[in-house]
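J.: let me see the structure of the following:
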Amino acid sequence: MARKARRSEPPKRKKETAPEIEVAPSPGPPWLRVALTIAGALYIAAVFIEGAGGGRLDRFVPRPVLFFCQIASLFPRAATHRIEYRAEGLPCRGPAFEIDVRPFFPIHPDDKESRFDRALHFYRNDRPTMEALETYVMEGYRRREPEKLGGVVFLSLRVPIPKPGSTFPRYERAPLSEFSKEQRKVWYATSRDDVNRRCDAREP
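T.: Sure thing, here's the model as predicted:
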């Protein structure tokens, strides 16, 4: 009687033990970690406060530090209009007319990086700067045109931005006459006394 072949049993595997998890300690002493946690929490709170209300921390936070807390309030509202700056000439006779100042400012003459636009954007409320700009524009016009000017008017145009997704034509500089009075805002105008004085003077 033949013996039955004995089945070979697979070797028993040793139970694999999971390696112990080692937690690397944070660098620095405990007091430093607590201080950084508090500083981070205060920074997040300051950013939230400035973004929500704005201008509430001026009395408590130094301005160099406050600068880094205003990241959430740089652009709180979407722009609804684009701004253009223009100039008008005040002749000794006749109505005011638009002056094309682009030849007087050759750096980026056809976009908002023009020196004329930048000067009005940043210094439109600074009278000495506007008076210097007035002199420069009048001298530039005098070199090109024989007509005598008594003064100038610097103004801005508020042109509505089309709604997102709508089609609109490529930007082209339109004459000032195509914009209504509601779209214009005068920032500087030569006084009538100065206009009369210049027109009565014998200087060309």
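
J.: which residues in this protein form helices?
T.: 30-52, 63-67, 115-123, 127-144, 192-200 (DSSP state H).

J.: columns mean neighbour count and distance to C92 on top of these, output as JSON lines?
T.: No exception for glycine: its C-beta is placed from N, CA and C like everyone else's. Below are the helices of the chain laid out as JSON lines (neighbours: other Cβ atoms under 10 Å; distance: least, Cβ to Cβ, whole Å):
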{"stretch": "helix 30-52", "mean neighbour count": "12", "distance to C92": "52"}
{"stretch": "helix 63-67", "mean neighbour count": "10", "distance to C92": "49"}
{"stretch": "helix 115-123", "mean neighbour count": "17", "distance to C92": "24"}
{"stretch": "helix 127-144", "mean neighbour count": "15", "distance to C92": "12"}
{"stretch": "helix 192-200", "mean neighbour count": "13", "distance to C92": "4"}
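
J.: worst average pLDDT in these?
T.: Among the helices of the chain, helix 63-67 has the lowest mean pLDDT, at a mean of 81.

J.: quick one, domains of the protein?
T.: Recorded structural domains for the chain (assignment: automatic domain parsing) are 30-73, 81-162+176-200.

J.: okay if I get those domains as JSON lines plus distance to V23?
T.: As requested, the domains of the chain are arranged in JSON lines below (distance: least, Cβ to Cβ, whole Å):
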{"stretch": "domain 30-73", "distance to V23": "14"}
{"stretch": "domain 81-162+176-200", "distance to V23": "54"}
